[in-house]
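Colleague: test case, fold it:
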Amino acid sequence: MIRIIVVDDQEIVCQGLTTILNNDPLIKVIATANDGLEALRLVEELQPDLVLMDLKMPELNGIQATQRIRQRFPQVRVLVLTTYDDDEWLFDAIRAGAAGYLLKDTPSADLIKAIKGTVTGDTFLDPAVAGKVLTNISNQKSLSQKQSSIQLSERESEILQLLARGLSNADIARELFLSEGTVRNYTSTIFSKLGVNDRTQAVIAAFKHGLVSLDGI
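Modeller: Below you'll find the model as predicted:
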């Protein structure tokens, strides 16, 4: 059972999302919050698997709340669900540690798929913003063509390229004829070498350091 806290400053949105998500037998909304401070209190109290986070809220916005949650409760995943697709909100959310970024017009089935994937370590970006992320990190790549001091093995580079394509651990395992446990171990090593904590940050760092290319995506 995936235990979720829904955070949105509009109570009617919280109620609607709760109804939709609780229709799935593998998901349970255990609480809702209308601002970031309330979300922090509930995360500390209830220790959910995932927080579905709005961004523009009173008291403490979604960016600030995401950053604090990820710092204090790194095992809790945060998936942003918002109406804002502008660059500032998007990149601030990713830097804060969000594992994914979806817009509120996302179909219910896709939202549920994203939630289930996020708790297993996958990353989800709404198609409307994915292009912005790729363009941004591709532009930044030119600032560090030196391939830096980060050295990856051939297998690590191969797995990193597949991560950049959005493949899950299970998909990578099938692609490379490895066990999921082996893929998880490689992924953990890659994160350590890149100095990141999740897939989204790993892909951004990989493009910045010229470790993956757009041609392979």
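Colleague: the helix or strand where Ile4 lies pairs with which strands, parallel or anti?
Modeller: Secondary structure from DSSP states H and E places Ile4 in strand 2-7. Here strand 2-7 is paired, per DSSP bridges, with strand 27-33 (parallel), strand 50-53 (parallel).
Colleague: quick one: list the elements packing against the following helix or strand past the shortest one.
Modeller: Heading C-terminal from strand 50-53, the first helix or strand you meet, by DSSP H and E, is helix 62-72. Packed against helix 62-72 by the contact rule (3 or more Cβ pairs under 8 Å, 6 or more residues apart in numbering; DSSP states H and E) you find helix 36-46, strand 50-53, strand 77-82, helix 87-96. Any C-beta I mention is one placed from the backbone N, CA and C, and that applies to glycine too.
Colleague: which other residues reach helix 62-72?
Modeller: Contacts with helix 62-72, where a contact means Cβ atoms under 8 Å, 6 or more residues apart in numbering, come from 7, 36-37, 39-40, 43-44, 51, 53-57, 60, 76, 78, 80, 82, 89, 92-93, 96-98, 197.
Colleague: and the residue nearest the centre of the chain, backbone torsions?
Modeller: Nearest to the mean C-alpha position of the chain, by Cα atoms, centre = their mean, lies Ala99 at 1.2 Å. Backbone torsions of Ala99, given as degrees, to the nearest 10, read phi -90, psi -10.
Colleague: tell me who's in contact with it.
Modeller: Arg77, Val78, Leu79, Thr118, Asp122, Thr123, Phe124, Asp198, Arg199, Thr200.
Colleague: so the fourth one sits against Leu50, correct?
Modeller: Yes - the criterion here is Cβ atoms under 8 Å, and Thr118 meets it with Leu50 at 6.1 Å.
Colleague: got the domain ranges for this structure?
Modeller: What automatic domain parsing lists as the domains of the chain is 2-125, 134-216.
Colleague: which of the ones you listed is buried the deepest?
Modeller: domain 2-125 (a mean of 19; mean count of other Cβ atoms under 10 Å).
Colleague: what mean pLDDT does stretch 202-214 get?
Modeller: In this model, stretch 202-214 carries a mean pLDDT of 78.
Colleague: and it, how far from the chain's centre?
Modeller: 16 Å (Cα atoms, centre = their mean, to the nearest Å).
Colleague: low-confidence ranges, this structure, go.
Modeller: The model of the chain has pLDDT under 70 over residues 130-149, 213-217.
Colleague: what's the span of stretch 65-80, first residue to last?
Modeller: Stretch 65-80 has an end-to-end distance of 11 Å (Cα to Cα, to the nearest Å).
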